[in-house]
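In: Dropping the sequence and predicted coords here.
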Amino acid sequence: MQNIQEFIDLGLSVKSIEAIKAKGFETPTEIQRRCIPVLLSGHGDLIGQAQTGTGKTAAFALPVIEMIDGLRTDRRSVNPLALVLVPTRELCIQVCQEIQSLALGRPVRTSAIYGGASYNIQFRDLKAGVDIVVGTPGRIQDHLEKGTLSLEEIKVCVLDEADEMLDMGFIDDIENILSKAPEQRQILCFSATMPDPILKLAETFMKDYELIRVQTQDMTSTLTKQVFYELYEEDKFEALRRTIDIAPDFYGLVFCKTKLQCDEIGQKLISCGYNAEVLHGDLSQTQRELIVHKMREHRISILAATDVAARGIDIPELTHVINYSLPDEPESYIHRVGRTGRAGKEGLAVTFVTPREFRRFAFIKKIAKTEIEKRRVPTIDEIIEKKKRALLDNLLAMVEQAEKGECPQSMFSLAKLLCETHHTTNIIAALLNDKYNRLIDLSGYSEIRDLYDRRATERFAPAHRLKPGSRPGSKPGAKPRAERRRSAPRAASGRPEHRAEPRSASKGKKKKANVSRFK
């Protein structure tokens, strides 16, 4: 009860506390602790900066629900009172569902308005009347132009994941939408990063706003262990396989740079027997929703995705995030890593870095203000040993079940028959070979060139192509520069002597005609 008391101290009503208990929240996060009292007062605009997965949705949803609940007695209009703008369809659905769960026991009407869904269903919901509209900027703009959505009674506008929306090019739609809202409205802006366009947007539409930053010096989650492997591009897929195989309960996202790379990595994983799917912008809305649903239900454990397709996807309990390709911007790295290490559970973020990418990687580390540990790529022996230990634990658990009599009697009869004619060790070895040989088969792995011991000066010159004493870019077999200088004859001035041919010796020579070898 003492934990719930912290929510009570924020000024939330009894109904909100009941919803919080039903959700299983224990203590408010820092962004909730600092934003909820400000928003409950109903005065002034607010910008909240916190990393992904810190409970920003509840930080604005609980005060908005309380505001709507207080206005319900004298409310007769069908127009919405609150508008929440989000960057993607997936996040739109998730935020709408989260608001509905936090409005437990209160008739707060919500509607998710996003592209790719039926206009007719959205027309019907808006005509029947909604209290909170959660939508993507493009589809909200469409409804405003069609006259099927009115913002004249809006009390609160929320920009969720604002940096992502601006990065996706929604700035014009957002400005147009905000201009349609009444002047006496509250604007709330939540973002993991704070680029200049957000501050410019605040100067235009927000008055006397309060800026709340809750992130520490490390802009990524402290529960996420961040490591990187230095390797060559052609070794990345082998490193990915080893990273997956070393973790028996791997459940994560693999971020790729392009749709083509995403398809390639996904097909390779499936061909190797992994339970994987791909997610990118070329898939239809129905396909994307189905794949995300399968991932949430653990029917697949690996999702190869592009940054754009993965924006706004909230998949709880992810154990790993793999940066197969470096993102273009440090902000994208922060968003990627923030998808694991949530809700008090630890996660691992692994980044693959080639020598050519090291300068960009150093810039990302500097902007993200985080330490990323360099590690060796897991070796084949480490992976096989890990698999053997996991296999042994599973077999011992099955033996314990058999000793308790939980196996069918027919199996005991068959086992006795085998033991009468064959040695027990041979029987077990044959069964293990038949059922688990592929699991610990060494032939499935290939050699990899781990650059863990590579010096910083060698990063831009592949070590396997250089001979001792050679320089990057020098011709094969060429002497080092210092040795060439020592061997060159020097004049009295100390400079290398140029052995030009005497003019008299070249006078009698005639230049050969440039006769083609083709006659």
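Out: Cool, the structure landed.
In: Can you give me the pLDDT of Leu188?
Out: Among the per-residue scores, Leu188 holds a pLDDT of 93.
In: Just list whatever residues bridge to it.
Out: Beta-bridge pairing of Leu188 under DSSP bridges involves Leu46, Val158.
In: Tell me how many other residues surround it.
Out: Neighbourhood size, Leu188 [other C-beta atoms under 10 Å]: 26. Yep, even glycine has a C-beta here, placed from its N, CA and C like the rest.
In: ok, it - contacts?
Out: The neighbours of Leu188, taking C-beta atoms under 8 Å, 6 or more residues apart in numbering as the test, are Leu39, Asp45, Leu46, Ile47, Gly48, Phe60, Val156, Cys157, Val158, Leu159.
In: and the gap between it and Thr319?
Out: 32 Å (C-beta to C-beta, to the nearest Å).
In: likewise His423?
Out: His423 is 41 Å from Thr319, by C-beta to C-beta.
In: Arg296 now?
Out: Going from Arg296 to Thr319 by C-beta to C-beta gives 14 Å.
In: from the chain's centre, how far out does stretch 403-422 sit?
Out: 49 Å (C-alpha atoms, centre = their mean, to the nearest Å).
In: Could you check it and say which residues are buried?
Out: Counting neighbours by 16 or more other C-beta atoms under 10 Å, one finds that stretch 403-422 has no buried residues.
In: Now do that stretch: everything it contacts.
Out: Defining contact as C-beta under 8 Å, 6+ apart, one finds that stretch 403-422 is touched by Gln401, Ala402, Ile427.
In: Kindly check the end-to-end length of stretch 113-133 for me.
Out: Stretch 113-133 has an end-to-end distance of 7 Å (C-alpha to C-alpha, to the nearest Å).
In: what does it contact?
Out: 64, 68, 77-84, 88-89, 92-93, 99, 108-111, 134-136, 138-140, 142-143, 148-149, 284-285.
In: change it to 7 Å
Out: Stretch 113-133 has contacts (C-beta atoms under 7 Å, 6 or more residues apart in numbering) with 64, 68, 78, 80-84, 89, 92, 99, 108-111, 135-136, 138-140, 143, 148-149, 285.
In: Sitting in helices, which of those do you find?
Out: Cross-referencing the contacts of stretch 113-133 against helices under DSSP state H gives Val64, Ile68, Arg89, Cys92, Ile99, Gly138, Arg139, Ile140, His143, Gln285.
In: So for the third one, what's the nearest residue that isn't a sequence neighbour?
Out: Spelled out, that is Arg89. Using C-beta to C-beta, 6 or more residues apart in numbering and skipping residues adjacent in sequence, the residue nearest Arg89 is Tyr114, 4.3 Å away.
In: Which one of the contacts of Leu188 is nearest to Ala181?
Out: Cys157 (5.6 Å; C-beta to C-beta).
In: just checking, next helix/strand downstream of the longest helix along the chain?
Out: The longest helix of the chain (DSSP H) is helix 380-403. Using DSSP states H and E, the next helix or strand after helix 380-403 towards the C-terminus is helix 409-421.
In: before we move on, the earlier item: for ChimeraX, write the selection for the buried entries among the contacts of stretch 113-133.
Out: In ChimeraX, this line selects whichever of the contacts of stretch 113-133 come out buried by 16+ other C-beta under 10 Å:
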select :64,68,80,81,82,83,84,89,92,99,108,109,110,111,135,136,139,140,143,149
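In: Which one's more surrounded, His423 and Thr319?
Out: Just comparing His423 and Thr319: by other C-beta under 10 Å the higher neighbour count belongs to Thr319, 16 against 10.
In: The more buried one contacts Gly252, correct?
Out: Yes - if you go by C-beta atoms under 7 Å, Thr319 and Gly252 touch, sitting 5.7 Å apart.
In: what sits in contact with each of the two?
Out: Thr340.
In: burial of Ala390, as a residue count?
Out: 13.
In: Next, name the residue at the spatial heart of the chain.
Out: Arg336 (2.6 Å; C-alpha atoms, centre = their mean).
In: In a helix, it, correct?
Out: Yes - assessed with DSSP: H, G, I helix; E, B strand; the rest coil, Arg336 lies in a helix.
In: ok, and Glu264, which helix or strand is that part of?
Out: Glu264 is located in helix 259-271, with elements delineated by DSSP H and E.
In: Packing partners of that helix?
Out: Where contact means 3 or more C-beta pairs under 7 Å, 6 or more residues apart in numbering; DSSP states H and E, helix 259-271 is packed against strand 252-256, strand 276-279, strand 302-306.
In: quick one: which of the ones you listed is nearest Thr351?
Out: Each of these was scored for nearness to Thr351 using C-beta to C-beta, and the closest is strand 252-256 (9.4 Å).
In: and that closest one with helix 259-271, angle?
Out: Here the directions of strand 252-256 and helix 259-271 differ by 140 degrees (axes from the mean of the first three to the mean of the last three C-alpha atoms, to 10 degrees).
In: got the angle for strand 252-256 vs strand 302-306?
Out: 30 degrees.
In: buried ones in strand 252-256?
Out: Neighbour-count burial for strand 252-256, counted by 16+ other C-beta under 10 Å, picks out Gly252, Leu253, Val254, Phe255, Cys256.
In: Kindly state the pLDDT recorded for the residue nearest to Arg89?
Out: Reported pLDDT for Tyr114: 93.
In: ok, of the contacts of Leu188, which one's closest to Thr306?
Out: Leu159 (23.2 Å).
In: isn't the closest one right up against Leu85?
Out: Yes - between Leu159 and Leu85 there is a contact under C-beta under 7 Å: 5.3 Å.
In: For the two, list the residues in contact with both.
Out: Among the neighbours of Leu159, those also in contact with Leu85 (C-beta under 7 Å, 6+ apart) are Met165, Ile174.
In: Name the residue in those two with the higher neighbour count.
Out: For Leu159 and Leu85, the more surrounded residue by other C-beta under 10 Å is Leu159, and the numbers stand at 29 against 25.
In: residues contacting Asp441?
Out: Contacts of Asp441 by C-beta under 7 Å, 6+ apart: none found.
In: Make 843 the first number, not 1, from now on.
Out: That works, and once the first residue is 843, the last one we named lands at Asp1283.
In: Measure how buried the closest residue to Tyr1287 other than its chain neighbours is and give me the count.
Out: With C-beta to C-beta, 6+ apart as the criterion, Tyr1287 has its nearest non-adjacent residue at 4.9 Å, and that residue is Ile1222. Neighbours of Ile1222 under the rule other C-beta under 10 Å: 15.
In: Spatially nearest residue to Tyr1071 (excluding sequence neighbours)?
Out: Val1219 (5.0 Å).
In: Surely the one you found touches Phe1070?
Out: No - the criterion here is C-beta under 7 Å, and Val1219 misses it with Phe1070 at 10.5 Å.
In: more neighbours, those two?
Out: When Val1219 and Phe1070 are compared for neighbours, Val1219 comes out ahead with 22 against 19, by other C-beta under 10 Å.
In: how far away is the more buried one from Asp1087?
Out: Distance, Val1219 to Asp1087, by C-beta to C-beta: 12 Å.
In: Please apply the same query to Leu904.
Out: 43 Å.
In: got a list of what His985 touches?
Out: Residues near His985 by C-beta under 7 Å, 6+ apart: Ile955, Leu991.
In: if I look at it, how far off is Gln964?
Out: His985 is 7 Å from Gln964, by C-beta to C-beta.
In: likewise Glu1171?
Out: 33 Å.
In: Pro1090 too?
Out: From Pro1090 to Gln964 the distance is 44 Å (C-beta to C-beta).
In: who has more neighbours, those two?
Out: Gln964 (21 against 13).
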